[in-house]
Each structure stands twice: as C-alpha cells, then as structure tokens.
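S.K.: got a predicted structure here, sequence first:
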Amino acid sequence: MYSGSKAFFFALSRSAMLKRLASRYGLATSESFASRFIAGETIEAAIDASRRLQSQGFQITLDYLGESVMTLEAAAVATREYERMIGIIQGAGIERNISLKLTQLGIDVDRATCVDNLRRILEPAARHEFFVRIDMENSPYTERTLEIFETLWDQQYRHLGVALQAYLYRTEADVRRMNELGARVRLVKGAYKERASVAYQQNGEVNSAFVRLARVLLDEGTYPALATHDPGVIDEVRAYAAAQGIARDRFEFQMLYGIRRDLQVSLLAAGHRMRVYVPFGREWFPYFMRRLGERPANVAFVLRALAGER
C-alpha cells in the first residue's frame with residue numbers, strides 16, 4: 001500500500017521547515033495546484049467554496065486545518081478559532097457541519113485540557129445545531145481518540161461523530177463498538193504511514209476491508225459516512241445497499257474537496273447523498289502532502305500544473 005511516492009510525501013508532510021515555508025508564502029504562490037485541494041486560508045474563503053458546492057446540491061463539512069500542536073497556548077488558540085468559526089458559519093447560513101483533530105486541541109500536551117477544549121467547542125455547537133466530526137489520526141491516537149469520544153458521548157454530546165480507518169486491523173471491533181453506542185461513523189481508508197503489524201499494506205487488502213466494514217455499517221450503523229474516491233469500492237457499496245434494500249437516505253458518500261469531482265457529480269446525479277470535505281486554513285501543508293501521496297493521479301496533476309498545463 002505504501003508506495004515510494006506515498007512514503008515520500010508522508011515524510012514531506014512532517015517537515016517542519018517545509019511547513020514554515022508554506023505558511024510563510026501561503027496558498028497564493030501555489031494556487032495552480034494547492035488551491036485545487038484547499039478552499040483557502042480563511043473561513044470566508046471556505047464559506048464561499050461551500051456556497052458554490054451547496055448550490056450544486058452537495059452537502060458540506062468545513063475542515064479547519066491544523067494538527068500536532070505542542071503547547072497549551074497553541075491548543076487554546078485553535079479552540080478559540082473554532083468558537084469564532086461557529087458564529088461565522090451560523091451567520092453565513094451554510095450547513096452547520098465541522099470536523100476537527102484532537103492533536104489540534106492539545107491531546108499531546110495534556111489529555112484533560114484537550115477534553116476541556118473539545119467541550120468548549122461542543123457547547124456552542126450544540127446550541128446552534130452543528131454536527132461535529134472528530135477526525136482520526138495515525139494509530140497511536142486511535143484508542144485515545146475513541147476514549148475521549150466515549151467520554152463526551154456519555155456526557156450526552158450526541159451531535160458528535162468519529163472517523164475510523166479501514167486499513168487498521170482493529171477497526172472491525174471499533175466499528176462494532178461505535179455501532180453499539182449508536183454513534184455516527186465516517187469510514188475512510190487511512191492516509192497515514194502505518195506498520196505492517198497494525199495495518200494492511202496492500203491496496204487490495206485495504207479495499208476489501210473497506211467494503212467489509214461498510215457492509216457492517218450499512219447493516220448495523222447509524223447513518224454511516226462512506227469516504228472513498230475509489231470507483232470500484234463505491235460500486236461494491238452501492239450494489240450491496242441496493243441488494244439489501246437500504247434506502248439512499250440512510251447513508252452518505254463523502255469525498256475531499258477537489259478530488260474526483262467527476263465521481264462526486266455522478267453520485268449526486270444518481271440520487272446519492274454526497275458530502276464534500278472543505279479544508280481551509282494556513283496550516284494546509286501537511287494535509288496537502290498527504291493528498292499528493294494518496295493517489296498517483298494527484299501527483300501527476302501537480303506536475304502538469306508546475307509545467308504550466310491546465
């Protein structure tokens with residue numbers, strides 16, 4: 001699964017020097033390619049992109065980019081930005097759906113503070129009827145993320161969902177764990193570099209795991225979100241749902257902004273619910289690198305852009 005290009009771009013995504021350069025010069029210097037995958041650096045740019053998508057019939061979720069903060073101050077800044085975003089999104093009149101990462105809220109610094117920061121976001125989100133998705137990071141965070149999710153779920157924060165990664169061996173048990181709660185799961189393949197001891201390494205294995213887990217979610221889950229850009233996997237999921245008589249309003253497909261737009265449009269035209277993740281923010285570089293590493297087509301797109309093609 002982890003081809004040379006994927007490992008290479010994953011390594012680049014963790015380069016502090018490259019991240020500083022990207023933040024310094026911004027998306028403007030890369031608008032021929034990075035802006036294909038990132039809506040902009042501000043909430044206003046993300047709202048503009050969201051309005052365009054919603055006018056076409058897509059559902060949206062806003063993904064404020066940022067991760068791996070290492071100070072309580074930085075975690076507090078991110079939390080305040082989410083609180084500010086909630087007010088702006090409410091005023092803009094777009095769909096009230098956001099995602100976040102726990103490393104952005106300080107889980108690497110202090111677990112209790114991270115939980116408090118998440119609660120500070122969930123309180124206004126609940127008042128204003130937002131749905132909040134906790135994105136999953138690499139495997140050292142899986143159990144901690146689910147434990148924090150369950151802590152908040154037990155405190156009756158039910159406008160809350162979580163992402164799970166199909167390539168981890170443990171995920172089938174985690175899917176059933178979330179199904180028992182009645183929690184909403186976003187199933188993804190997984191974008192991080194993982195060891196063979198914890199994750200499938202071959203694309204075929206990951207695809208099989210995704211389809212198998214999607215079937216469990218369709219049969220037993222609560223409004224699952226099936227996030228993949230793979231047309232073969234999507235066809236298998238659609239065929240299973242149709243064979244089982246599962247209505248199209250009981251689940252949704254999800255894709256990332258700027259990736260497989262043709263497939264997004266075709267699913268929408270076929271009557272499926274289709275949600276687009278709209279990422280934005282100055283901390284776009286790690287996300288961008290992971291997107292390049294996931295699919296050779298993404299790398300080819302960037303190379304064409306650098307060569308001046310459109």
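M.R.: Here it is on my side, so go on. Residues are numbered from 1 along each chain as shown.
S.K.: need the strands for the stretch 1-150 of the chain, in chain order.
M.R.: Here the stretch 1-150 of the chain has its strands, by DSSP state E, counting those that start in this stretch, at 59-64, 97-100, 131-134.
S.K.: sheet partners, orientation included, of the last one?
M.R.: For strand 131-134, the paired strands and their directions (DSSP bridges) read strand 97-100 (parallel), strand 160-165 (parallel).
S.K.: quick check: which of those strands is buried the most?
M.R.: Scoring the strands paired with strand 131-134 by mean neighbour count under mean count of other Cβ atoms under 10 Å gives strand 160-165 as the most buried, with a mean of 23. Using the backbone N, CA and C atoms, a C-beta is placed for each residue, glycine as well.
S.K.: hang on, the earlier thing: to Leu187, which of the strands paired with strand 131-134 lies closest?
M.R.: For those, the distance to Leu187 is smallest for strand 160-165, at 5.8 Å, taking Cβ to Cβ.
S.K.: need the contact partners of that closest one.
M.R.: Residues from elsewhere that reach strand 160-165 (Cβ atoms under 8 Å, 6 or more residues apart in numbering): 122, 131-136, 142, 145-146, 149, 152-153, 171, 174-175, 178, 183-190, 192, 199, 213, 225, 227.
S.K.: buried sites along the helix or strand just after that strand?
M.R.: Counting by DSSP states H and E, the next helix or strand C-terminal to strand 160-165 is helix 171-181. In terms of neighbour count (16 or more other Cβ atoms under 10 Å), helix 171-181 has its buried residues at 171, 174-175, 177-179.
S.K.: got it, and stretch 65-79?
M.R.: Residues of stretch 65-79 classed as buried by neighbour count (16+ other Cβ under 10 Å): 65-69, 74-76, 78-79.
S.K.: mind putting these in a markdown table, distance to Gly57 included?
M.R.: What follows is the buried residues of stretch 65-79, written out as a markdown table (distance: Cβ to Cβ, whole Å):
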| residue | distance to Gly57 |
| --- | --- |
| Leu65 | 25 |
| Gly66 | 29 |
| Glu67 | 31 |
| Ser68 | 35 |
| Val69 | 36 |
| Ala74 | 38 |
| Ala75 | 36 |
| Ala76 | 38 |
| Ala78 | 32 |
| Thr79 | 33 |
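S.K.: any idea how far Ser50 is from Glu95?
M.R.: 7 Å (Cβ to Cβ, to the nearest Å).
S.K.: so what sits opposite Gln254 in the bridge?
M.R.: Under the criterion used (DSSP bridges), Gln254 bridges to Ala227, Arg275.
S.K.: anything in contact with each of Ser50 and Glu95?
M.R.: Common contacts of Ser50 and Glu95 (Cβ under 8 Å, 6+ apart): Ile60.
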